[in-house]
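task: produce atomic coordinates for the following.
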Amino acid sequence: MTTSDPSAAATYLRTRVMTARPEELRMMLLDGALRFARQGREGLERRDYEASFTGLSQCQDIVMELATSVRAEQDRALAERVRGLYLYLYQELVQASVERDIGRVDGVIRLLEYERETWAMLLAKLAAERAGQAANRAEAAVEAAARSISLSA
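This is a model prediction of the structure:
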């Protein structure tokens with residue numbers, strides 16, 4: 001969405017967030033983390049340390065949100081590994097900011113891109129599963145309607 005009206009953009013974003021599924025929210029967080037990490041990197045390249053601090057700090061906030069929102073109900077060991085990855089990314093962002101190290105930021109960006117790619121595959125798989133379930137429900141409804149019609153006749 002491109003608009004010059006900030007209130008319209010804020011309304012759109014709020015609606016998008018409020019109607020998203022949990023896995024879509026996580027994808028939005030990953031997109032935001034990548035955007036801010038790239039902004040921080042660009043600030044470091046330009047030696048605009050205020051811009052780099054702002055971008056990297058916002059990325060840190062998102063990465064911490066990702067870390068604290070990992071749920072362990074299904075697989076505790078996997079959840080701990082994912083949480084550990086996010087905590088590692090957070091530490092790298094802090095060090096990159098303190099040391100003004102573009103290489104560390106690049107490493108964080110690569111890992112966030114990989115994580116985002118993984119979530120994109122998951123979302124595609126979930127969409128396919130949901131489409132298959134919807135098709136099965138529609139087929140069952142048609143069969144039930146056909147039986148109902150044949151019993152009435």
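
what about residue 41, how many neighbours?
Using other CB atoms under 10 Å, residue 41 is surrounded by 21 other residues. (Glycine included, C-beta is placed from N, CA and C.)

what helices or strands is whichever strand or helix holds it leaning on?
Element membership for residue 41 (DSSP states H and E) is helix 22-46. Packing partners of helix 22-46 (3 or more CB pairs under 8 Å, 6 or more residues apart in numbering; DSSP states H and E): helix 6-19, helix 49-68, helix 76-99, helix 102-152.

where's the most centrally placed residue in the chain relative to residue 112, distance?
For the chain, the residue nearest the mean C-alpha position is residue 27 (1.7 Å; CA atoms, centre = their mean). Per CB to CB, to the nearest Å, residue 27 is found 12 Å from residue 112.

how about residue 8?
Taken as CB to CB, the span from residue 8 to residue 112 is 28 Å.

tell me which of the two has more neighbours.
Applying other CB under 10 Å to residue 8 and residue 112 shows that residue 112 carries more neighbours, namely 25 against 11.

and the pLDDT at the more buried one?
Listed pLDDT for residue 112 reads 97.

for the residue nearest to it when sequence neighbours are not counted, give me its contacts.
Nearest non-adjacent residue to residue 112, counting by CB to CB, 6 or more residues apart in numbering: residue 34, 5.0 Å away. Residue 34 makes contacts with 109, 112-113, 116, as judged by CB atoms under 8 Å, 6 or more residues apart in numbering.

now the phi/psi pair for residue 48, please.
phi -100, psi 90 (degrees, to the nearest 10).

can you report how many residues lie near it?
For residue 48, the neighbour count with other CB under 10 Å is 13.
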